[in-house]
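S.K.: okay, predicted coordinates and the sequence, questions at the end:
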Amino acid sequence: MNVGADISSDSVKPQDVVLGLMGRAFDSRQSGNVIETAVTLEAALAAARKTPFEIEFQTRIQLATSLADSYLDIGEVEKAREMLAEESSFAEKISQVMQATGTLPQKRAAMSGFLQVRDRSTQVQLLGMESPEISVKEWLKGGITSVADLRGQVMVLEFWATWCKPCQEMFPKLKELHEAESSRGLEVIALTRHYMAYGGSAESMREERQLMLNMVEQHEVGFHVGVAADERLQTTFGANGLPTIVLIDRAGIIQ
């Protein structure tokens, strides 16, 4: 199927060709045709790769994440992994160039785009795999020794921050879920780290810790809440975007 044939010509800009195909893919997805969605997005990515520097960087990032979702919809996990690994490598190169030559907004946008596709790549790589262990500096509520110790129970890991409004909205939902399902073997583990005070003074660390405690107390949660030492745990799970939720089944496998 040559899905791009009727909109591709010498007079049409590559960016417009790619956006046109992405629009078609969106329509296909809305109508429930997941196979056509994936095929159309594959065509869009092929077009983008032919003229990589004529496609807006954020368009390329959105295309990669959309195609990954489509691959997962049709059970093509390995295709999603391979494509995201390639796109992550491309995004990293663009980000490196921007860090060296771009303006401050360009540097931020390039780094944000790279982290987005890199995290998605990490997440897809983890699907169906045994969960990595988690390392927590301090437990603000509850606490576990290791993920392995919770085999036989379903685990929901949530990565959050005090300044993240969607995270604040997520806490009541996690509380409701935990209260409804904990008797059936559900463990909720909310993980955060120092952001505003990271690398700062001891006083600023204490102030941010108090903000964390305030959120836990405000929502009166009964599940585990931990503080990681740094960003490495987020990187391990591909969780720089907040909130990010990871579901681990009773066998310890990420679903």
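M.R.: Noted; the coordinates are in hand.

S.K.: next up, phi/psi of residue 238, please.
M.R.: Dihedral pair for residue 238: phi 60, psi 50, per degrees, to the nearest 10.

S.K.: touching, it and residue 127? I think so.
M.R.: No - the criterion here is CB atoms under 8 Å, and residue 238 misses it with residue 127 at 10.6 Å. Just so you know, the C-beta spots here come from the backbone N, C-alpha and C atoms, and that holds for glycine as well.

S.K.: against which helices or strands is the helix or strand in which residue 179 is found packed?
M.R.: Per DSSP states H and E, residue 179 falls inside helix 165-181. The contact analysis (3 or more CB pairs under 8 Å, 6 or more residues apart in numbering; DSSP states H and E) places helix 165-181 against strand 154-159, strand 186-193, helix 202-219.

S.K.: what number of residues lie near residue 70?
M.R.: For residue 70, the neighbour count with other CB atoms under 10 Å is 24.

S.K.: how near is the residue nearest to it when sequence neighbours are not counted to residue 72?
M.R.: Leaving aside its sequence neighbours, residue 70 sits nearest to residue 38 (CB to CB, 6 or more residues apart in numbering; 4.1 Å). To residue 72, residue 38 is 10 Å away according to CB to CB, to the nearest Å.

S.K.: and those two? Which one has more around it.
M.R.: Taking other CB under 10 Å, residue 38 and residue 72 do not tie; residue 38 has more neighbours (24 against 16).

S.K.: mind checking the SS state of the more buried one?
M.R.: helix (DSSP: H, G, I helix; E, B strand; the rest coil).

S.K.: helices or strands up against the helix or strand encompassing residue 68?
M.R.: Following DSSP H and E, the helix or strand that holds residue 68 is helix 57-73. Judged by 3+ CB pairs under 8 Å, 6+ apart, helix 57-73 is in contact with helix 14-30, helix 34-50, helix 77-101, helix 104-126.

S.K.: what's around residue 54, how many residues?
M.R.: Residue 54: 13 neighbours (other CB under 10 Å).

S.K.: sorry, that was for residue 133
M.R.: By the criterion of other CB under 10 Å, residue 133 has 10 neighbours.

S.K.: ok, residue 61 next?
M.R.: Neighbour count of residue 61, defined by other CB under 10 Å: 23.

S.K.: just give the nearest non-adjacent residue to it, would you?
M.R.: What sits nearest to residue 61 in space, not counting adjacent residues and going by CB to CB, 6+ apart, is residue 113, at 4.3 Å.

S.K.: next, count neighbours for that neighbour.
M.R.: For residue 113, using other CB under 10 Å, the count is 22.

S.K.: what do you get for residue 213?
M.R.: By the criterion of other CB under 10 Å, residue 213 has 14 neighbours.

S.K.: could you do residue 22 as well?
M.R.: 20.

S.K.: any stretches of the chain with poor pLDDT?
M.R.: Applying pLDDT under 70 to the chain picks out residues 1-10.

S.K.: break it into its domains for me.
M.R.: 14-126, 138-248 (automatic domain parsing).

S.K.: ok, and which of the helices and strands packed on helix 165-181 has the densest surroundings?
M.R.: Across those, averaging neighbours per residue (mean count of other CB atoms under 10 Å) puts strand 186-193 on top, at a mean of 23.

S.K.: so what secondary structure elements neighbour that one?
M.R.: strand 154-159, helix 165-181, strand 224-228, helix 232-237.

S.K.: strand partners (parallel or antiparallel) of that strand?
M.R.: Here strand 186-193 is paired, per DSSP bridges, with strand 154-159 (parallel), strand 224-228 (parallel).

S.K.: what's the angle from the longest one to helix 165-181?
M.R.: This means strand 154-159. 160 degrees (axes from the mean of the first three to the mean of the last three CA atoms, to 10 degrees).

S.K.: and strand 154-159, C-alpha only, in CSV?
M.R.: The C-alpha coordinates for strand 154-159 follow below in CSV (Å, rounded to 0.1, in the frame of the first residue of the first chain):
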residue,chain,number,x,y,z
VAL,A,154,0.5,-6.8,41.9
MET,A,155,2.6,-3.6,42.2
VAL,A,156,1.8,-0.1,40.9
LEU,A,157,4.8,2.2,40.9
GLU,A,158,4.1,5.9,40.5
PHE,A,159,6.8,8.5,39.9
